[in-house]
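1. Sequence and predicted structure, then a few things I'm wondering about:
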Amino acid sequence: WSALPGEDWAARYAEAAAATVAGGRGVVMVVADGRDLDRLDAALTATLGEGRHVRLSAALGPARRYRAFLAARRGEVPVVIGTRAAMFAPVDRLGLVAIWDDGDDVHAEPRDPYPHAREVLLTRSQLTDAAALVGGFSRTAEAQLLIETGWAREVAADRAVLRRRTPAVTPTGDDPQLARDPGAATARLPSLAWTAAREAVRADLPVLVQVPRRGYLPAVACAECRSPARCPHCAGPLALPSATGTPACRWCGRVAAAYACPECGGRRLRAAVVGARRTAEELGRAFPGVPVRTSGRDEVLTAVPGGAGLVIATPGAEPVAAGGYGAVLLLDSWALLTRADLRAGEEALRRWMTAAALARPAAGGGRVVVVADGALAPVQALLRWDAAWFAARELAERRELGFPPAVRMASVTGTADAVADLLSEARLPEGAEVLGPVPADDDRERMLVRVPRARAAALAGALHAAAAARTARKAVDPVRLQVDPLSLF
């Protein structure tokens, strides 16, 4: 399901749960974090009434969480909602499994055996003949594969409805904008973004500014030669905590009060990366008298008033504004798009669409300004509000290159000798390709084993048997096995 911008997705999920309960079957719904869980909890209470569902999350504490688990196990409630661990919740006569925003990486369990909430729910759907609902403002390549294989069907509005609901999206790096503002290619906040924010404030509407990096200046450089400032002890990046603060290492925490550039000897520092708090400070000076709020790791806001104001948020911490934002500014797009990750473009589009969906429709004065080149594929998908096109494009490229989800890929991580030992023990299926090694953390290495999707079970069985054989002979060095990990490199 591709949700419309500004749509109350929690209310739609509550309606799906109510229809399932009316048919005499149970529901399991999984969301990414506590804020989404609170929204879904309120929507289910309004739709089903009190006492018809329970929530499972670590924030409840052991006693309340266990009581909720027992209520579901005994069939006292038909609906269970929660964060990642709720994917295993026992529900009587399961009729619907649902997950919201399956592209969020918190849906992947970081502990062995590393299950992903989406895969567990889809498996439960298949085993129990239950319906499955995968929803979000954007779409992952895995969700697109479900559609292209015929396993799932698309639920999306037609283009006429979509055009009425979407805000006006404008990039700053295309030719018309560069003709008006030649500095837009290098400016962090081009004139187009300033104009959009100023017009929204004048119209007494809130402005959302999404900044990918938290903190004040999370990375600094020498003001003379522009060399990145590194810690003299561990070579970690130096950061400034405030305008008057002392540079400190982000890795070891040591303060570098007497820092001198090893290249030129310079002692002055300049910003290399600007964080959310510095952005809030700069915008507060540019818009005097306008309230400035920040939402991020230290304090995550759930909602803000609908009047004029500036909200500076990191991705995933954007609060909902009453009536919608008049302008949404998406800054520092390079920080998302240039990550060395297979899913960099997909993740950037997901974060942008999540923020842009909080804006008013274009007819109501809603504008979105993305500081990026308009020719980039993720930016094009945002301009047209067409996550399905981008997901299909991503899937086609991964199919051509042999990356998940077009194929199944297992990651084998450990010391070089341990990895070689396990792979020599494993009886890999015919056609398996072994790729690597590539460096991993803590002086370890990673090997990748790739097979067609039809041979995924054979690959998992071979690796399981090899791991069991190493355990039986008490091999000293452990090996970490993951199938289709979110991060390959």
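-> Good, I have the coordinates. Residues are numbered from 1 along each chain as shown.
2. Let me see the residues that make contact with the helix ranked longest in the chain.
-> Counting by DSSP state H, the longest helix found in the chain is helix 456-472. Helix 456-472 has contacts (Cβ atoms under 8 Å, 6 or more residues apart in numbering) with 408, 410, 412, 418, 421-423, 425-429, 432, 449, 451, 479, 481, 483. (Each C-beta comes from the backbone N, C-alpha and C, glycine too.)
3. Which members of those residues are positioned in helices?
-> Filtering the contacts of helix 456-472 for helices - DSSP H - leaves 418, 421-423, 425.
4. Just the closest of the residues you listed to residue 91, please.
-> Using Cβ to Cβ, residue 422 comes nearest to residue 91 of the ones in helices among the contacts of helix 456-472, at 37.3 Å.
5. Look up the pLDDT of the closest one for me, please.
-> Note on residue 422: pLDDT of 94.
6. neighbours around it, how many?
-> 21 (other Cβ atoms under 10 Å).
7. surely it meets residue 412?
-> Yes: shown here, residue 422 and residue 412 form a contact pair, counting by Cβ atoms under 8 Å, at 6.1 Å.
8. list residues touching both of the two?
-> 463, 479.
9. Need the ones in helices among the contacts of helix 456-472 in TSV (columns: distance to residue 349).
-> Output for these, formatted as TSV (distance: Cβ to Cβ, whole Å):
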residue	distance to residue 349
418	38
421	41
422	37
423	36
425	41
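10. which one of the residues you listed sits closest to residue 440?
-> Relative to residue 440, the closest of the ones in helices among the contacts of helix 456-472 is residue 418; by Cβ to Cβ it sits at 11.8 Å.
11. Against residue 316, how distant is that closest one?
-> 36 Å (Cβ to Cβ, to the nearest Å).
12. For stretch 294-311, measure first residue to last.
-> One end of stretch 294-311 to the other measures 6 Å (Cα to Cα, to the nearest Å).
13. got a list of contacts for that stretch?
-> So stretch 294-311 is in contact with 35, 38, 197, 200-209, 214, 276-277, 280, 283-284, 287, 290-293, 312-314, 317-323, 325, going by Cβ under 8 Å, 6+ apart.
14. Can you flag the buried ones in the contacts of helix 456-472?
-> 408, 410, 412, 418, 421-423, 425-426, 428-429, 432, 449, 451, 479, 481, 483 (16 or more other Cβ atoms under 10 Å).
15. hmm, back to that, mind listing what's buried in the longest helix of the chain?
-> Applying 16+ other Cβ under 10 Å to helix 456-472 flags 456, 458-460, 462-463, 466-467, 470 as buried.
16. Residue 218: what's it in contact with?
-> Each residue near residue 218 by Cβ under 8 Å, 6+ apart is listed here: 237, 239, 250, 273, 275.
17. what's the span of stretch 232-248, first residue to last?
-> One end of stretch 232-248 sits 11 Å from the other (Cα to Cα).
18. Check the gap between the closest residue to residue 483 other than its chain neighbours and residue 465 for me.
-> Leaving aside its sequence neighbours, residue 483 sits nearest to residue 410 (Cβ to Cβ, 6 or more residues apart in numbering; 5.1 Å). Distance of residue 410 to residue 465, given as Cβ to Cβ: 13 Å.
19. swap in residue 21?
-> Residue 21 is 43 Å from residue 465, where distance means Cβ to Cβ.
20. now do residue 133
-> Using Cβ to Cβ, one gets 36 Å for the distance from residue 133 to residue 465.
21. picking that back up, which one (most neighbours) among the contacts of residue 218?
-> Within the contacts of residue 218, most neighbours by other Cβ under 10 Å means residue 275, with 25 neighbours.
22. Cross-check the contact I'm expecting between that one and residue 215.
-> Yes: counting by Cβ under 8 Å, residue 215 is a contact partner of residue 275 at 3.8 Å.
23. show me the contacts for the spatially most central residue of the chain.
-> For the chain, residue 104 is the residue whose C-alpha lies nearest the centre (Cα atoms, centre = their mean; 3.7 Å). Contacts for residue 104 (Cβ under 8 Å, 6+ apart) come out as 32-33, 316, 350.
24. now it: how far from residue 35?
-> Noted for residue 104: a distance of 12 Å to residue 35, by Cβ to Cβ.
25. try residue 263
-> When distance is defined by Cβ to Cβ, residue 263 is 44 Å away from residue 35.
26. Give me the distance from stretch 149-169 to the chain's centre.
-> Distance of stretch 149-169 from its chain centroid, counting by Cα atoms, centre = their mean, to the nearest Å, is 21 Å.
27. Contacts for that stretch, please.
-> Contacts for stretch 149-169 (Cβ under 8 Å, 6+ apart): 1-2, 4-7, 132, 134, 143, 146-147, 328, 356, 359-363, 366-370, 382-383, 385, 388.
28. for the record, mean pLDDT for the longest helix of the chain?
-> The average pLDDT within helix 456-472 is 94.
29. Grab the CA positions of it and hand them over as CSV.
-> Provided in CSV are the C-alpha atoms of helix 456-472 (Å, rounded to 0.1, in the frame of the first residue of the first chain):
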residue,chain,number,x,y,z
ALA,A,456,18.0,-20.3,-0.7
ALA,A,457,16.9,-23.2,1.5
ALA,A,458,19.8,-25.4,0.2
LEU,A,459,22.3,-22.6,1.0
ALA,A,460,20.9,-22.1,4.5
GLY,A,461,21.0,-25.8,5.1
ALA,A,462,24.6,-26.1,4.0
LEU,A,463,25.8,-23.2,6.1
HIS,A,464,23.8,-24.5,9.1
ALA,A,465,25.4,-28.0,8.8
ALA,A,466,28.9,-26.5,8.4
ALA,A,467,28.4,-24.3,11.5
ALA,A,468,27.1,-27.3,13.5
ALA,A,469,30.2,-29.3,12.5
ARG,A,470,32.5,-26.5,13.7
THR,A,471,30.6,-26.3,17.0
ALA,A,472,30.9,-30.1,17.4
